[in-house]
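> Build me a model:
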Amino acid sequence: MKTNFKLSFTLLAFLFLLNSSGIIANEKVVKNEDPEKDKVLIFVLKNILTRGHYVVKDLNDSFSEHVFNTFIDGLDPSKRYFTQDDIKEFSRYKYQIDNQLLKDDLSFYNLVYNCFLERVKKAKSYYGGILDKPFDYTREEIIDLDYEKIPFAKNYNELHDYWRKQLKLQTLDKIQEQTALEKDKQKKDKNYNVKSFATLEKEARAEVLKSMDELYLRIEELEHEDWFSTYLNAIVSGFDPHTTYMQPNVKEVFDQNISGKLEGIGARLQKKGIYTQIFELVSGGPAWKQGDLEEGDIILKVAQGNKEPLDIVGMRLDDAIKFIKGPKGTEVRLTVKKKIDGTIQEISIIRDVVELGETFVKSSIVMKNNKKYAIIDLPSFYIDFSDDNFRDSAKDMEKEIERLKSEGVEGLIIDLRNNGGGSLKTAIEISGLFIDEGPIVQVKYRGENPVVKKDTDPRTQWDKAVVVLVNEFSASASEIFAAAMQDYKRAVILGGNQTYGKGTVQNILPINQFYPKYEKDLGFLKMTIQKFYRINGGSTQKEGVYSDIAMPTRLSYLKNGERDLEGALSWDKVAQADYKQANSYSNFGDVVYNSKQRIASSEKFIKINEYAKWLKENQENSSFSLNYEKFVKENEAKEKEAKKFTSVFEFKSDVTFTSPKYELALVKENKDLESKRAAWHKNLTKDIYISEALNVLSELKLSKKTAIVKN
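Take a look at the predicted model:
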């Protein structure tokens, strides 16, 4: 992936000026047309959660404090609106919210919300005056963007200064961007007269002012229920981070799929506060093939071809999707904030018809040491519960394995990287393809004993060597499968140090079914109802699955797992299930040792590890100089450091990947499929993790006879 390490402070500053619910300045928009609905929602949600959530949670002072902090942070995470006096005023309710919830009392919400609206209107008057004249760029000062650590402003003068620094940072970034463009123009045309600093500075302030004006106009579309949902999510998140409230229109948008058979970029989007975030990339889609867009990235702006970009921060998701989608063959340019390191990058994608089939199982054949192996890509544990006759991941895996067996394949790599999970049913059935029969996972409801879910089919479809490739984003059902293969010692687990660690399951409940007499749509509650456990008794929650062979990745030192989420449920264990461990390999320990030695001595993996450390250091650096000369020097130093890692993932293996025989005819008939497979096979040759997985697979030796060890 090519990353732009030059931070675009203009856009980055927007993110901190904004908040998880948006800004609003139009009283007509924020009028609550149905105050009774708010009380009904509070009443129903607290009853559903206290009775049905996996965790028994008392609505006490500790819970009250969580709601207090979460709601205020949700409205003002960058501390640009509230002062210390405001917080002091709010604090009289800090330990009373639990009591208010029991009475369906909204006093705390109303106090904070109404104060926030006033502060937003006041703040809107700040930026025009601040941007009306040049900043002092010789002044020695810094800005700290770690708003979790800095205090709220003592008074309005300090609050105004927070805004001044933020807008100055945006302007500095614009000046630097324009300066770079001016230099490029002069390189192309020696007679070109470069604009003066004063001119660039004036233009930069004007551009920042325009962006701010557009921002405030756009977010006026937010309505009362948008704001109230922030309060509701502050409440429900007190149970766990995966429990969320979705208002009716958000649920519709959440279900909307801009990939499938639509013309677009091949990505599923979700609303993250006021931001549009990449939820999932469709394997084989335009964004996936382009390679720069990743899950978790936030889209800030959208441009059609060579037109000016449109800022979509604060825009409703369904409206944002309309701009991102488009006819096949057209270009869309996305300005995104990268999840991995916070940098701002512009990504150009040519839209295409995204076939749903690309989200399904696919495989590739490869020869190594005169033996035939295969990689099976399993993007998710998909299933259609409304149609038993429709394909699902278990049926497709079974069919794919049979096809590969018919071609004489001697070993499989199951690629679960970035597989966020899906159906428990298919995870169990797929696991059963690799063992005779027996327990696969344990599932536990609140207050009940765990239930052992088993594979009851005595047939082992694949009895040869298996390597399971995972990374830090392999989660949920992926972890169930990987854990089962590890507990049975049926496969070598290879990848990042550990998987994501999501050992819980959620159910989406229509709230109206719990309060049928209310006619209006109350929205939905996504609630955690179960916890998964391995057959060895340990939970996958937080810990995930530790790889037998851990390889450095760019995520190695970053916070990206379940264990890093505030309020995540704890790890625990239950009794071990009754299962028999397979002794599939005679040299398991030797193979693991050899791989670890290769990785430790590999210059490539050493460089990847250094890169991961560098990303961690940059993630922790939240302070930036607002002195122009120092600002420029800091950016130049960062760009110089980044150049050291431009080739970190450059790799080319000496093996060739091809489609299995059954697919060759399909590829000839379908040019789109041909191009997609060509792109995938090319990526496989450049994938250092696939290369090491093949090394491991080629060394594994099956036991001459299947020995059984009783646990």
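> from here on, contacts and neighbour counts on C-alpha atoms
Will do.
> So for the protein, the centremost residue is which one?
Compute the mean C-alpha point of the chain, and by C-alpha atoms, centre = their mean the closest residue is Gly296, 3.0 Å away.
> Just to be sure, that residue is in a helix?
No. Membership of Gly296 in a helix is not supported by DSSP: H, G, I helix; E, B strand; the rest coil, which gives coil.
> how close does it sit to Gln247?
Spatial separation of Gly296 from Gln247 under the definition C-alpha to C-alpha, to the nearest Å is 22 Å.
> pLDDT below threshold where in the stretch 201-350 of the chain?
Under the criterion pLDDT under 70, the flagged ranges of the stretch 201-350 of the chain are 217-222, 249-263, 273, 283-284.
> Could you check how many residues crowd around the closest residue to Tyr533 other than its chain neighbours?
If the residues on either side of it in the chain are set aside, Tyr533 comes closest to Ser539, at 4.3 Å by C-alpha to C-alpha, 6 or more residues apart in numbering. For Ser539, the neighbour count with other C-alpha atoms under 10 Å is 28.
> Test my guess that Ser539 contacts Trp571.
Yes. With contacts counted by C-alpha atoms under 8 Å, Ser539 reaches Trp571, the gap being 5.9 Å.
> which ones are touching Ser64?
94-98 (C-alpha atoms under 8 Å, 6 or more residues apart in numbering).
> Quick one: mean pLDDT over the lengthiest helix in the chain.
Selection of the longest helix in the chain by residue count, based on DSSP state H, yields helix 156-188. Throughout helix 156-188, pLDDT has a mean value of 92.
> Show me the strands in the stretch 101-250 of the chain, by range?
Along the stretch 101-250 of the chain, the segments classed as strands by DSSP state E, counting those that start in this stretch run 142-144, 244-246.
> who's in contact with the nearest residue to Tyr93 once chain neighbours are set aside?
In space, not counting the residues next to it along the chain, Tyr93 is nearest to Phe108; the distance is 6.3 Å by C-alpha to C-alpha, 6+ apart. Contacts here follow C-alpha under 8 Å, 6+ apart; on that basis Phe108 touches 90, 93, 97.
> Of those, which is the nearest to Glu214?
For the contacts of Phe108, the residue nearest Glu214 by C-alpha to C-alpha is Phe90; the value is 31.2 Å.
> list the contacts for that closest one?
With contacts defined as C-alpha under 8 Å, 6+ apart, the neighbours of Phe90 are 108, 111-112.
> Mind doing that once more with 7 Å?
If a contact means C-alpha atoms under 7 Å, 6 or more residues apart in numbering, then Phe90 has Val112 as its contacts.
> out of the strands of the stretch 101-250 of the chain, deepest packed?
With neighbours taken as mean count of other C-alpha atoms under 10 Å, those reach their highest mean count in strand 244-246, at a mean of 26.
> That strand: partners in the sheet, and parallel or antiparallel?
strand 524-533 (antiparallel) (DSSP bridges).
> picking up where we left off before, please tell me how far the residue nearest to the centre of the chain sits from Ile414.
The gap separating Gly296 from Ile414 is 24 Å, by C-alpha to C-alpha.
> same question, Lys307
Using C-alpha to C-alpha, Lys307 is found at 43 Å from Ile414.
> between these two, which one's more packed in?
Under the neighbour definition other C-alpha under 10 Å, Lys307 and Ile414 were set side by side, and Ile414 has more, 21 against 10.
> Next up, phi/psi of Phe360, please.
According to degrees, to the nearest 10, the main-chain angles of Phe360 amount to phi -100, psi 170.
> Give the burial count for it, as a bare number.
Residue neighbour count, defined by other C-alpha under 10 Å, stands at 21 for Phe360.
> Can you tell me the element Leu412 falls in?
Leu412 is part of strand 411-415, with elements assigned from DSSP states H and E.
> contacting residues for the residue of the chain most remote from its centre?
With C-alpha atoms, centre = their mean as the measure, the chain has its most outlying C-alpha, relative to the mean C-alpha position, at Asn191: 47.4 Å. Under the criterion of C-alpha under 7 Å, 6+ apart, Asn191 has no contact partners.
> Can you report phi and psi for it?
Dihedral angles for Asn191 - degrees, to the nearest 10 - are phi -90, psi 0.
> so how far is Gln176 from it?
The span separating Asn191 from Gln176 equals 22 Å under the rule C-alpha to C-alpha.
> so Arg554 sits right up against Glu610, yeah?
No. Contact criterion C-alpha atoms under 7 Å: Arg554 and Glu610 do not qualify, at 8.9 Å.
> Can I get the helix or strand where Ile690 lies in CSV, CA atoms only?
Secondary structure assignment for Ile690, by DSSP H and E: helix 688-699. The C-alpha coordinates for helix 688-699 follow below in CSV (Å, rounded to 0.1, in the frame of the first residue of the first chain):
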residue,chain,number,x,y,z
ILE,A,688,5.2,-12.2,1.7
TYR,A,689,2.8,-13.8,4.2
ILE,A,690,1.4,-16.2,1.6
SER,A,691,5.0,-17.0,0.7
GLU,A,692,5.9,-18.0,4.2
ALA,A,693,2.6,-19.9,4.6
LEU,A,694,3.7,-22.0,1.5
ASN,A,695,7.1,-22.6,3.1
VAL,A,696,5.3,-24.0,6.2
LEU,A,697,2.8,-26.0,4.2
SER,A,698,5.5,-27.6,2.0
GLU,A,699,7.5,-28.8,5.2
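> Alright, I will stop here.
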